[in-house]
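1. give me a model of this one.
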Amino acid sequence: MIKHVVLFQFHDPEECIPTAREKLHSMVGKIPEICSMQTGVDFWHGERSYDLCLIVTFRDRAGLEVYDTHPYHQEVRKYIYAHRKDSRIVDFEYEE
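-> Numbering: from 1, shown residues only. Predicted coordinates:
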């Protein structure tokens, strides 16, 4: 299994996080390779904090690759990229 973890910082988090979360979750069902998805909004707001965390699981690396280039994901990415200040990604394999 694969976990795809993305941390986002936004220029105006209060304004765009609700829409970003809605758009991210809208990919479930439209991109069949997604096994599960979670998002979480940071409540700490510390110096090193990011605003939003996305965790997506896939069966394998091939599923992650399909997701990465999927046209619907590209549409969602356009919104995110237009509002993000920074982001960080970690992809890792794990056994269930």
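
2. burial measure for the nearest residue to H70 once chain neighbours are set aside, as a count.
-> Nearest residue to H70, sequence neighbours excluded (CB to CB, 6 or more residues apart in numbering): I31, at 5.0 Å. The C-beta positions use only the backbone N, C-alpha and C, and glycine is treated the same way. Neighbour count for I31, taken as other CB atoms under 10 Å: 19.

3. my guess is I31 contacts E65. True?
-> No. The criterion here is CB atoms under 8 Å, and I31 misses it with E65 at 11.7 Å.

4. and stretch 74-94, what's its mean pLDDT?
-> For stretch 74-94, mean pLDDT is 98.

5. make 51 the starting number, not 1.
-> Got it, the first residue is 51 from now on, which makes the last one we talked about stretch 124-144.

6. what does it rub up against?
-> 51-62, 66, 69-70, 73-74, 76-77, 100, 111, 114 (CB atoms under 8 Å, 6 or more residues apart in numbering).

7. for stretch 51-59, same thing?
-> Contact with stretch 51-59 is made by 70, 85, 100-111, 113-114, 117, 130, 134-146, as judged by CB under 8 Å, 6+ apart.

8. what about 7 Å?
-> Residues outside stretch 51-59 that contact it (CB atoms under 7 Å, 6 or more residues apart in numbering): 100-111, 113-114, 130, 134-144, 146.
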